[in-house]
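Trainee: how would this look folded up:
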Amino acid sequence: MASIKLQVIEMVAVTVLWILFYKLNLWLFAYFVHNPNIYWIFLPAGIRMISVFIFGWTAVLGIFIGSIFTNEAEISNYVIYLAAISALAPMLAKRTCMWWFKTPATLQGLSGKQLLIFALAGAFSNALFSNLYFHLYGLSDSLYNFLPMFIGDLAGTIIILYLSKGLLRLALNLYKRPHNPA
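Mentor: Numbering: from 1, shown residues only. Sure thing, here's the model as predicted:
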């Protein structure tokens, strides 16, 4: 029972982070919009990768729910399919890269280069499957939107990864700092 409770908390945390970073992205990068669904910098893409690394399938559900909440269209098959793509693409990228690099489930030994490849794979898979969906269902005449979506997801992922790395380093330094009792 405690495990289910923890998974619900993780899922809610991912959903809330997705929504917060989506709103932050709208505010910070309003001038970097390619079209209403694609930004040249998309911070939630970084939330996708980090949360899937940390929480696995629980994060996939959180991203799916967060994607539905942040979609401006009314709930429809379109919204559900895009939310599913957004949630499943980072897991596909993670699983593929882990298989390719023979990375253990703990991600122990993951190098910076491999992390960059994970980010590239996540951005590529989301842009590819989203644009295939747009193209196959007549929502776009071409795969013209692939490059802006790929660049936006990659930029957002790299920003979030480095921000997380910096915050983690700061937290570790604060924790390791000797305490001088007065």
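Trainee: Can you show me the helices along this structure?
Mentor: Along the chain, the stretches classed as helices by DSSP state H are 2-28, 44-55, 57-70, 77-101, 112-136, 146-176.
Trainee: Dump the third one to CSV, keeping only the CA atoms.
Mentor: Going back to what we said before, that points to helix 57-70. C-alpha atoms of helix 57-70 as CSV (Å, rounded to 0.1, in the frame of the first residue of the first chain):
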residue,chain,number,x,y,z
TRP,A,57,6.3,4.4,-15.9
THR,A,58,4.8,6.5,-13.1
ALA,A,59,6.3,9.6,-14.8
VAL,A,60,4.7,8.5,-18.1
LEU,A,61,1.3,8.7,-16.5
GLY,A,62,2.1,12.0,-14.9
ILE,A,63,3.3,13.5,-18.2
PHE,A,64,0.2,12.1,-20.0
ILE,A,65,-2.1,13.8,-17.4
GLY,A,66,-0.1,17.0,-17.5
SER,A,67,-0.2,17.1,-21.3
ILE,A,68,-4.0,16.8,-21.3
PHE,A,69,-4.4,19.6,-18.7
THR,A,70,-2.1,22.0,-20.7
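Trainee: Identify, out of the helices of the chain, the most deeply packed stretch.
Mentor: Highest mean neighbour count of the helices of the chain: helix 44-55, a mean of 25 (counted as mean count of other Cβ atoms under 10 Å). For the C-beta atoms, the positions are set from N, CA and C on the backbone; glycine is no exception.
Trainee: Between the helices of the chain, which one is closest to residue 35.
Mentor: Closest approach to residue 35 among the helices of the chain is made by helix 146-176 (8.1 Å; Cβ to Cβ).
Trainee: Any idea which helix or strand in this protein has the lowest mean pLDDT?
Mentor: strand 33-35 (a mean of 75; mean pLDDT, DSSP states H and E).
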